[in-house]
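S.K.: structure of the sequence below:
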Amino acid sequence: MNATASEPVSLRLLDREFHIACAPEERPGLIAAAQFLDGKMRELKSNAKVPGFDRIAVLAAVSIAHELLSLRKEHDSQEQVLTDGLASLRRKLDGLLDASVK
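M.R.: Numbering: from 1, shown residues only. Sure, this is the predicted structure:
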């Protein structure tokens, strides 16, 4: 990110305001991420016995990281199934083409 092209964006997490510099094209994604994080933090805060901001932020980060890793694992598994299926189809097509040439 080019520091001269950055602009501050105001984000709210659990009614606390944070200012973060970002490139104009990153602004919508950053705002959406902050809204997602705020929702996760509010969900955790409603269930927390000790609702400290730092604790809720760490719990939210771990929860989101766990979800991300689970989705990546699922994606990788589905990608492998697709790759294997395509390889199988290619072998079948190659076999049919070889048989038709003979």
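
S.K.: measure residue 14 to residue 93 for me?
M.R.: From residue 14 across to residue 93, the span is 56 Å (Cβ to Cβ, to the nearest Å). To be clear about C-beta, it is placed using only N, CA and C from the backbone, and glycine gets the same treatment.

S.K.: neighbour count: these two, which is higher?
M.R.: Applying other Cβ atoms under 10 Å to residue 14 and residue 93 shows that residue 14 carries more neighbours, namely 15 against 10.

S.K.: ok, the more buried one touching residue 56?
M.R.: Yes - Residue 14 lies in contact with residue 56 (Cβ atoms under 8 Å); the separation is 6.9 Å.

S.K.: tell me, what's touching these two both at once?
M.R.: 41, 45 (Cβ atoms under 8 Å, 6 or more residues apart in numbering).

S.K.: which stretches of this structure aren't confidently modelled?
M.R.: For the chain, the stretches with pLDDT under 70 are 1-4, 50, 102.

S.K.: and for residue 11, the neighbour number?
M.R.: Around residue 11 there are 18 residues (other Cβ under 10 Å).

S.K.: ok but it is inside a strand, no?
M.R.: Yes - judged by DSSP: H, G, I helix; E, B strand; the rest coil, residue 11 forms part of a strand.

S.K.: quickly note the distance from it to residue 53.
M.R.: For residue 11, the distance to residue 53 equals 14 Å [Cβ to Cβ].
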